[in-house]
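> predicted structure and sequence below. I'll ask about it afterward.
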Amino acid sequence: MTTLERGAKTLELPWPFTGRDDELELVRRSVTSARHGIVVTGPAGSGKTRLVTEAVRGSDCAKVAGTPETRRIPFAAFAHLLPENVSLHRAVQLLSGTRLLLVDDADLLDDASAGLVHQLAVHGRTRLLVVATDGAPVPGAISRLWTGELLPRLSLEPLPREETAQLLTAGAGGGLEPLTVDRLYRLCQGDLRLLRDLVGAVREGGLLTRVPETDEWAWRGPVPMTATVRERSAPVLDRGCPKERETLERLAFGEPLPPHLDDLDLRSLERLEADGLVHVDDHGTVRLAHPLHGPVLRAAAGRLRAKRLARTPDSCTAALEAEAAALTRGIDSADVRTIPAPVGEWLVAEGAPVPAGYAAVRARFSRLRGELREAAAWAREGLRSAPGDRSCRAELAQAAAQSGELSQEGLGDATAAWQAAARGDLDGAVETIDPYDAVRLGAPEQALGRLTGVFAAHADALARGDGPDLDRAAVRLEQRGFLLFAAEAHAQAVRAHRDPRAARTSRTRAVALARRCQGARTPALSGLVLGELTARQRQIVTLAAAGLSNRQIAEKLTLSVRTVGNHLYSAYVRLGASDRGALPWLVALPQAQSA
């Protein structure tokens, strides 16, 4: 087993800014042209400050920030910009010439500073970029910025799972396998400060292990008790009432199987529910409200207490079988929308063996959803305990083949077909293949009369070359959770449409869905850019998709940076792409014959 370790003197640098492209563009537009600014709010640790800092990078911007220690000192936040004993009227005059003012932690401003920010907004000569934390008391002068419609408000949502994975890839110093990404995503709930803290602690503690035959790292075992983890878990760790603490620990050590309401102290539960620390569903099942709290309470317990209370993997056998049955029913009913499956996730987090039968079902469910890396990870978990399991090996090979990889040994006709398709041999691929896979590979005549429901509708639309019907089939597939199939149907619609505008819309939808499919590279998706770009545009877009900056592309092709930017902009318009992030799904695909 290989362990990732870090030197004690490793220099900590900010993670690259990743994700939130739409929000970044919105903030940038708000401080340009005739606009007066924007207020950005969100939970603690959601990346508000990093977002606005990135938005004003390179601009002439004055910055102020509130702090808890100076909330009673007038104009404390503006001490570096204003003289002592200044009046509000004079402060407004002095700052009216400031082109752009960034106000961070506005919820911590003293009243005089808050009033000054409000007056600057009313005055309208200074563009304001104001950041405040949701859930914290905010000075009235600040809240009236948006309630009084002086400035628009952007409320940050938690970073989606796909963008969290990109952030971890960019900032974690090595690729993390999907099940580790999922665990971090669940624990942090969009708190990027906590995310970075946990990743750093896991790396520094040597808790990452290399996944065999991959370049990825996995984290298994307890949650490190860092300062940030303790701070975020203070509501449960610092609970003073013995009965309430006992109830919390029973819930923590009961995971992943929650106890029933009748098995716990009712008064303690009422107080904990009132404080938002536990959740009781309509069936009387009780869970801790935050996914981080269970692991933290278990890690904070003494060794003997943990040994007495801890649940063993064997006690979860029946629940694990129930999860596998629920996943199988979803597959059989052609509905792979998210199904809660906490027992399997708990086994992985604990580092316990995952039965191969369960792992294969979980891998297939993930693969049908288009989560190919996650499917491969579940298959590997099953192979840890049963190296020769054919179902897990087949799922691993299929996930690899549909990701464009040719190195995995395949099992069965389906895997062999996808490996043939990945090599560009579509004729050989459709000779021995599942009927719906034939549709995905562009041979619907092989499947007519052999499919039902939305799969039959997809086959029929492709056979008739009906673009609108292909789009409708894609929408139905997406509604049932088949994101990769939906992306492929939209991509096939691009070629079927006679209306160029409809084709661009289909391409945009195909790209958006393909971005969520964890590196899927199938023949249907490979045709998204063919014939759409000039030779120079294809050259520049390919380099951009490979990660080169505009300046690097310009130097490589002996062009000006402006020319490169203009070509990229024209390519974005033709491709229906909004930014560089979409390019790998458009060009870094096998150039096989398109479906």
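That came through, no problem.
> where do the strands sit along the protein?
Secondary structure of the chain by DSSP state E: the strands cover 3-4, 37-42, 62-65, 100-104, 127-133, 153-155, 208-210, 217-219, 278-280, 286-288.
> which among those strands is found nearest to residue 447?
Closest of those to residue 447 is strand 217-219, at 38.3 Å (criterion: CB to CB). For the C-beta atoms, the positions are set from N, CA and C on the backbone; glycine is no exception.
> packing partners of the closest one?
Under the contact criterion of 3 or more CB pairs under 8 Å, 6 or more residues apart in numbering; DSSP states H and E, strand 217-219 touches helix 178-188, strand 208-210.
> the ones you listed: which one's closest to residue 379?
Taking CB to CB, helix 178-188 is the member of the helices and strands packed on strand 217-219 nearest to residue 379, at 11.2 Å.
> poorly predicted segments of this structure, please.
In the predicted model of the chain, residues 1-14, 33, 171-174, 406-432, 527-533, 573-595 satisfy pLDDT under 70.
> cutoff 50 now
Within the chain, the segments meeting pLDDT under 50 span 1-11, 408, 410, 530-531, 588-595.
> between the strands of the chain, which one is nearest to residue 513?
strand 153-155 (25.5 Å).
> roughly how far does residue 221 sit from residue 201?
12 Å (CB to CB, to the nearest Å).
> any common contacting residues for the two?
residue 207 (CB atoms under 8 Å, 6 or more residues apart in numbering).
> more neighbours: which of those two?
In terms of neighbours (other CB atoms under 10 Å), residue 201 is the more surrounded of residue 221 and residue 201; the figures are 17 against 14.
> chain neighbours aside, what residue packs nearest to that one?
The shortest distance from residue 201 to any non-neighbouring residue, by CB to CB, 6 or more residues apart in numbering, is to residue 224 (3.8 Å).
> need the contact list for the residue positioned nearest the centre of the chain.
For the chain, the residue nearest the mean C-alpha position is residue 161 (1.8 Å; CA atoms, centre = their mean). With CB under 8 Å, 6+ apart as the criterion, the residues that contact residue 161 are 181, 182, 185.
> of those - the most surrounded one?
Among these, residue 181 has the most neighbours (other CB under 10 Å), with 26 neighbours.
> for residue 118, see how far away that one is.
Taking CB to CB, one finds residue 181 at 42 Å from residue 118.
> and for residue 439?
Look at residue 439 and residue 118: by CB to CB, they are 60 Å apart.
> which one of these two has more residues nearby?
More crowded of residue 439 and residue 118, by other CB under 10 Å: residue 439, with 33 against 21.
> ok, now which ones touch the more buried one?
Contact analysis of residue 439 by CB under 8 Å, 6+ apart lists 446, 447, 451, 455, 458, 459, 462.
> in ChimeraX, how would I select the buried members of those?
Only the buried entries of those go into this ChimeraX selection, using 16 or more other CB atoms under 10 Å:
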select :446,447,451,455,458,459,462
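> out of the contacts of residue 439, which one sits closest to residue 85?
residue 458 (73.8 Å).
> residues in contact with the residue nearest to that closest one when sequence neighbours are not counted?
Leaving aside its chain neighbours, residue 458 sits nearest to residue 473 (4.2 Å; criterion: CB to CB, 6+ apart). Listed by CB under 8 Å, 6+ apart, the contact set of residue 473 reads 454, 457, 458, 461, 489.
> so the last one sits right up against residue 470, yeah?
Yes - the pair residue 489 and residue 470 qualifies as a contact (CB atoms under 8 Å) at a distance of 5.2 Å.
> for the contacts of residue 473, pick the one with the most neighbours.
Compared across the contacts of residue 473, residue 489 has the highest neighbour count, 33 neighbours, by other CB under 10 Å.
> check contacts around the residue lying closest to that residue once chain neighbours are set aside.
With sequence-adjacent residues excluded and distances taken as CB to CB, 6+ apart, residue 489 is closest to residue 474, at 3.6 Å. Residue 474 makes contacts with 458, 485, 486, 487, 489, 490, 493, 506, 509, as judged by CB under 8 Å, 6+ apart.
> quick one: the residue lying farthest from the centre of the chain from residue 206, how far?
For the chain, the residue at maximal distance from the C-alpha centroid (CA atoms, centre = their mean) is residue 85, at 48.3 Å. As judged by CB to CB, residue 85 and residue 206 stand 55 Å apart.
> same question for residue 495.
Distance, residue 495 to residue 206, using CB to CB: 51 Å.
> repeat for residue 121
As defined by CB to CB, residue 121 lies at a distance of 50 Å from residue 206.
> neighbour count winner among these two?
Set residue 121 next to residue 206 and count neighbours by other CB under 10 Å: residue 121 wins out with 23 against 11.
> my guess is that one meets residue 92, correct?
No - applying CB under 8 Å, one finds residue 121 not in contact with residue 92, separated by 10.6 Å.
> what's the overlap in contacts for residue 489 and residue 470?
Jointly contacting residue 489 and residue 470 under the rule CB under 8 Å, 6+ apart are 458, 461, 462.
> could those go into TSV alongside distance to residue 214?
Formatted as TSV, the shared contacts of residue 489 and residue 470 follow (distance: CB to CB, whole Å):
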residue	distance to residue 214
458	33
461	38
462	35
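> now for the contacts of residue 474, which sits with the most neighbours around it?
residue 489 (33 neighbours).
> hey, where'd the helices end up in the stretch 151-300 of the chain?
Remark: helices assigned in the stretch 151-300 of the chain by DSSP state H, counting those that start in this stretch are 161-171, 178-188, 192-204, 227-232, 234-237, 242-254, 266-274, 293-300.
> can you tell me which of those is nearest to residue 367?
Ranking those by distance to residue 367, with CB to CB as the measure, places helix 178-188 first at 12.0 Å.
> that older thread, tell me which of the helices and strands packed on strand 217-219 sits most buried.
With neighbours taken as mean count of other CB atoms under 10 Å, the helices and strands packed on strand 217-219 reach their highest mean count in helix 178-188, at a mean of 22.
> the inter-axis angle of it versus helix 293-300?
Interaxial angle, helix 178-188 versus helix 293-300 (axes from the mean of the first three to the mean of the last three CA atoms, to 10 degrees): 90 degrees.
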